[in-house]
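Trainee: any chance you can model this:
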Amino acid sequence: MIHLFKKIYVTTDNIIDPNFDRIVVSQNNGFNLLEDLQKILSGQLIAYGLEWDDILGKDKTFKDASTLFDQLATKCDATNKRIVVYCDNAALQFIMSTWYKFILKTPTADSVESLVRAHAFKFNTFFRGRFSSNNAKLGAGEILKVENFKTIYDSVKAPSAAKKKAFMTKYKNTISVEHLLANYLNNKSSKAELKSAVRPLLKKVFEQYLYELKEVFFQHFLTKPFADKLSLDKTYTLNNIKKHK
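Mentor: Model (predicted):
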């Protein structure tokens, strides 16, 4: 998944989890669910369409991209739940072009295409390993294809300078840590926002590391040679060891 800001993510439509609050923009999957099916799922289908023109525009679900981002952010704040935007190849290139035109100071087609291709590389390298069954079948050669990018990029209307500034002022401290880090390395700005974004990531890494240390410790603790070195009062096994309250 590609993190945009807050708990809002973009990913491909290859596998859609209906238990996430979501938007689906896809030629294959951009349709409504049966009412009975929606009742038993924990995720809400916020909007759907075959292409972004079905969702964005006058008299559509969202008036424009700025409204889309604002309303998704508001919903995240209200539910504290993740929102996933599922896209086919063209729709993903469109929403990422839109996003980068909001957060980059001087975006160009070439620079944004380079960023999108980096995301595509990650999808094509790692996505299949997380979701494929262990049957030695590789499936499709590419999860995400970047095609006709320049045309898609040029079709995205850039926000006005005032709207762009207002957006960044409101959401700067919630955007993806990679962009905050790039900003800091470039001109030493965004330091406070970067520290705020890095803190929960470091906490998660340290928690995972501690879990691994605990597992290794108890693997050794329950072996007699190691226990003998500690001169314990008794020999502990899985039957007599208890969790401390």
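Trainee: what's the domain layout of this structure?
Mentor: 2-175, 197-245 (automatic domain parsing).
Trainee: the longest one spans what distance, first to last residue?
Mentor: It stands for domain 2-175. End-to-end distance for domain 2-175, by Cα to Cα, to the nearest Å: 11 Å.
Trainee: part of a strand, is residue 4?
Mentor: Yes - looking at residue 4 with DSSP: H, G, I helix; E, B strand; the rest coil, it is inside a strand.
Trainee: going forward can the numbers begin at 37, since that is how I track them
Mentor: Noted, 37 is the first residue going forward, which turns the last one into residue 40.
Trainee: give the contact list for it.
Mentor: 46, 105, 135, 211, 212 (Cβ atoms under 8 Å, 6 or more residues apart in numbering). Yep, even glycine has a C-beta here, placed from its N, CA and C like the rest.
Trainee: any idea how far residue 63 lies from residue 259?
Mentor: Counting by Cβ to Cβ, to the nearest Å, the separation of residue 63 from residue 259 is 57 Å.
Trainee: actually residue 72, not the one I typed
Mentor: From residue 72 over to residue 259 the distance is 54 Å, taken as Cβ to Cβ.
Trainee: more neighbours, those two?
Mentor: Taking neighbours as other Cβ atoms under 10 Å, residue 72 and residue 259 compare with residue 259 leading, 10 against 7.
Trainee: wait, residue 87 sits on residue 126?
Mentor: Yes - between residue 87 and residue 126 a contact is recorded at 7.2 Å, counting by Cβ atoms under 8 Å.
Trainee: okay, and the common contacts of those two?
Mentor: Applying Cβ under 8 Å, 6+ apart, one finds that residue 87 and residue 126 are jointly contacted by residue 63.
Trainee: low-confidence regions, the protein specifically.
Mentor: When residues are selected by pLDDT under 70, those of the chain lie in 164-177, 279-281.
Trainee: okay, helices next: where are they in it?
Mentor: Applying DSSP state H to the chain gives helices spanning 71-75, 101-115, 125-139, 145-158, 164-167, 185-191, 197-207, 213-223, 227-257, 260-266.
Trainee: hey, which of these is tucked in deepest?
Mentor: Neighbour counts (mean count of other Cβ atoms under 10 Å) averaged over each of those peak at helix 125-139, with a mean of 22.
Trainee: what's the angle from that helix to helix 101-115?
Mentor: 90 degrees (axes from the mean of the first three to the mean of the last three Cα atoms, to 10 degrees).
Trainee: which residues touch helix 125-139?
Mentor: Identification of contacts with helix 125-139 by Cβ under 8 Å, 6+ apart yields 38, 40, 46, 48-49, 61-63, 87-88, 101-102, 105, 121, 123, 143, 148, 151-152, 155, 180-185, 188-189, 191-192, 194-195, 200, 203-204, 211, 215.
Trainee: show me how far that helix is from its chain's centre.
Mentor: Chain-centre distance of helix 125-139: 14 Å, with Cα atoms, centre = their mean, to the nearest Å.
Trainee: ok, back up a step: got TSV for the helices of the chain, with distance to residue 94 too?
Mentor: As requested, the helices of the chain are exported to TSV (distance: least, Cβ to Cβ, whole Å):
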stretch	distance to residue 94
helix 71-75	27
helix 101-115	11
helix 125-139	17
helix 145-158	26
helix 164-167	38
helix 185-191	17
helix 197-207	17
helix 213-223	31
helix 227-257	34
helix 260-266	71
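Trainee: of all these, which lies closest to residue 277?
Mentor: Residue 277 lies closest to helix 227-257 among those, at 8.2 Å (Cβ to Cβ).
Trainee: circling back: and of the helices of the chain, who's closest to residue 53?
Mentor: From the helices of the chain, taking Cβ to Cβ, the stretch that ends up closest is helix 164-167, at 10.3 Å.
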